[in-house]
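Enquirer: Sequence below, structure please.
(2 chains)
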Amino acid sequence: MASRVLLLVGTKKGAFIMESDADRRDWRLRGPLCEGWPVHDLIVEPGSGAILAAAGSPWYGPAVWRSEDLGTTWTHSSSGLTYGDEAEAIKTIWSLAATPDGGLLAGVEPAGLFRSDDGGSTWHHVEGLTNHPTRPTWGPGLGGLILHTIIPHPTDTARTWVGISAVGVFETRDAGASWVPRNVGVRAEFNPENRFPETGQCVHKFAMAAGEPETLYQRNHCGVYRSDDGSETWQEITGELPTDFGFAMVAHPRDPATCWVIPLSTPEDGRYMPNGQAAAWRTRDRGATWTRLADGLPSRDAFLSVLREAMARDTLDPVGITFGTSTGQLWHSSDEGESWRMITDTLPEIWAVETVVLDA
Amino acid sequence: MATVVLPRSLIALFPGAERRHVVAGQSVDELLGALDGVIPGVRERLVEAGPRLRPHINVFVDGSPADLATPVPLGATVHVIPAVSGG
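Expert: Numbers count the residues shown, from 1 in each chain, chains lettered A, B, ... in the order given. This next block holds a predicted model:
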């Protein structure tokens, strides 16, 4: 039985941890952690339970931080996080993922992938992705040329998907030696000469359906998509969502037909919740229909923005959903989005949220 | 030998580390290499690919701006100072 629920929060000015019991009503805050470094992503390493933070200091560079005592003490390393002395320096780390064979993957800016087999102490470059023939054509999104999403296949150690802005989704089926762009069917409306190029799509986030590794949901700059064939092709499921745009997406931990997104107004219109009316949206039928979820969220004057890593779900039943805003608020639902409560409104700009459920 | 003075925000990353260290080296690069033997990992925090000092790290040798190649006289004082930047 779950006794503790932790929200790991990455912000522009450090990591924070909020903790509650399984009721998820009363939360206590710890932080700032990681010496106030900007934190783009947080994960928990399966097996060890260690917390890992993807961070980059404006002064001291990129590092992966590691805590084996739930955030009380930390170590950090960037050993091996380099493209070499002749290449561009790595600015920061945007994403982390644990592989099914006990490794760790880190996505960095400028976009590239690194692997660690010692818990994050040392890293080596996954050169196959950087050596992809399209690499000279890769261009940055507004947030930079960043590798922001990593999804290892849950059982096949040779397969991994990554998302790069503004380049698209890539898949490897040979443990990183070679990569294939996976953007068929995804619009690139900002490319007037070719709306469906091989690469150049602005993927914002994607997620794997529970128990169905061939089913992926994608939140793109230009709509929302689903793939039923392991990303070889994508079908648009934007449907009745109020806008094409948004960053955050999470998938249900048990139901492969359910995921959540937070639509935002278009880049030209400010990138905040449409009309200042806050809402998350949920599909329970793989994107055929969407339901607006706004009970408890502000219905006016809420010009909130939620960034790509700033929404998370827990594994309880009903599922808890949390999102953080770029103005430092955390909103939580303990009933799969049916109702919401603000659990803090005084954090720095929130970049990442992750959830940890600890057993009694 | 030279005395290297580190900023508080840097030694905070290495619990137990002192602000002042007397280490051997004839250049800033050599000093930082020697310092890394005392505080493992500290060079990574100050030096990026190139190798060169990170963009917002300033080093002064006896009060003069320096880079990795700058010579360090015997008995010099070397200050490492993070740039006044950010918000």
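
Enquirer: tell me, how many neighbours does residue 41 end up with?
Expert: By default, I'm working from chain A. Counted with other Cβ atoms under 10 Å in any protein chain shown, the neighbours of A:D41 add up to 27. For every residue, glycine as well, the C-beta is placed using N, CA and C.

Enquirer: hmm, I had chain B in mind actually
Expert: B:G41: 15 surrounding residues under other Cβ under 10 Å.

Enquirer: surely it meets A:S77?
Expert: Yes: A contact is recorded between B:G41 and A:S77 when judged using Cβ atoms under 8 Å, the distance being 6.7 Å.

Enquirer: Please name the residues that touch the residue nearest in space to the middle of chain A.
Expert: Centrality entry for chain A: nearest residue to the mean C-alpha point is A:E309, 3.6 Å, by Cα atoms, centre = their mean. Applying Cβ atoms under 8 Å, 6 or more residues apart in numbering or on different chains, we find A:E309 in contact with A:10, A:40-41, A:95, A:148, A:205, A:248, A:351-353.

Enquirer: what residues does chain B put near chain A?
Expert: When proximity is defined by Cβ under 8 Å from any Cβ of the partner chain, chain B lies next to chain A at B:9-10, B:12-13, B:15, B:41, B:44-46, B:48-51, B:54, B:56-57, B:82-83, B:85-86.

Enquirer: Tell me which of those fall in helices.
Expert: The subset of these located in helices under the criterion DSSP state H comprises B:9-10, B:44-46.

Enquirer: Out of the residues you listed, which is nearest to chain A?
Expert: Checking those against chain A by Cβ to the nearest Cβ gives B:R45 as the nearest, at 4.1 Å.

Enquirer: Quick check: which ranges of the chain have low pLDDT?
Expert: By default, I'm working from chain A. Under the criterion pLDDT under 70, the flagged ranges of chain A are A:1-2, A:360.

Enquirer: my bad, chain B
Expert: Across chain B, the stretches falling below the confidence threshold (pLDDT under 70) are B:85-87.

Enquirer: in it, which helix has the most residues?
Expert: Ranked by residue count, the top helix of chain B under DSSP H comes out as helix B:28-38.

Enquirer: So what touches that helix?
Expert: Looking at what lies outside helix B:28-38 - Cβ under 8 Å, 6+ apart - the contacts are B:2, B:4, B:21, B:23-25, B:42-43, B:46-47, B:51, B:59, B:61, B:66-70, B:72, B:78.

Enquirer: out of those residues, which are buried?
Expert: Burial by neighbour count, 16 or more other Cβ atoms under 10 Å in any protein chain shown: within the contacts of helix B:28-38 this picks out B:2, B:4, B:21, B:23, B:25, B:42-43, B:46-47, B:59, B:61, B:66, B:68, B:70, B:72, B:78.

Enquirer: of the residues you listed, closest to chain A?
Expert: If you rank the buried ones among the contacts of helix B:28-38 by distance to chain A using Cβ to the nearest Cβ, B:L46 comes first, at 7.3 Å.

Enquirer: got the residues of chain A near chain B?
Expert: Counting by Cβ under 8 Å from any Cβ, the residues of chain A lying close to chain B are A:35, A:57-61, A:63, A:73, A:76-79, A:82-90.

Enquirer: which SSE is residue 17 in?
Expert: With no chain named, the answer covers chain A. A:I17 belongs to strand A:14-20 when elements are defined using DSSP states H and E.

Enquirer: re earlier: which among the residues of chain A next to chain B end up buried?
Expert: Buried residues within those, defined by neighbour count using 16+ other Cβ under 10 Å: A:35, A:57-61, A:63, A:76-79, A:82-83, A:89-90.

Enquirer: Pick out the most distant pair among those residues.
Expert: Distance extremes for these: the farthest pair is A:E35 and A:Y83 at 25.5 Å, using Cβ to Cβ.

Enquirer: which residues does residue 41 contact?
Expert: This is for chain A. Counting by Cβ under 8 Å, 6+ apart, the residues that A:D41 touches are A:10, A:53-54, A:93-96, A:309, A:351-352, A:354.

Enquirer: other chain: chain B
Expert: Neighbours of B:G41 in contact, by Cβ under 8 Å, 6+ apart: A:76-77, A:79, B:13-14.

Enquirer: Also A:I150?
Expert: With contacts taken as Cβ under 8 Å, 6+ apart, A:I150 has the following neighbours: A:95-97, A:105, A:107, A:113, A:160-163.

Enquirer: Okay, it and A:F245: tell me how far apart.
Expert: 23 Å (Cβ to Cβ, to the nearest Å).
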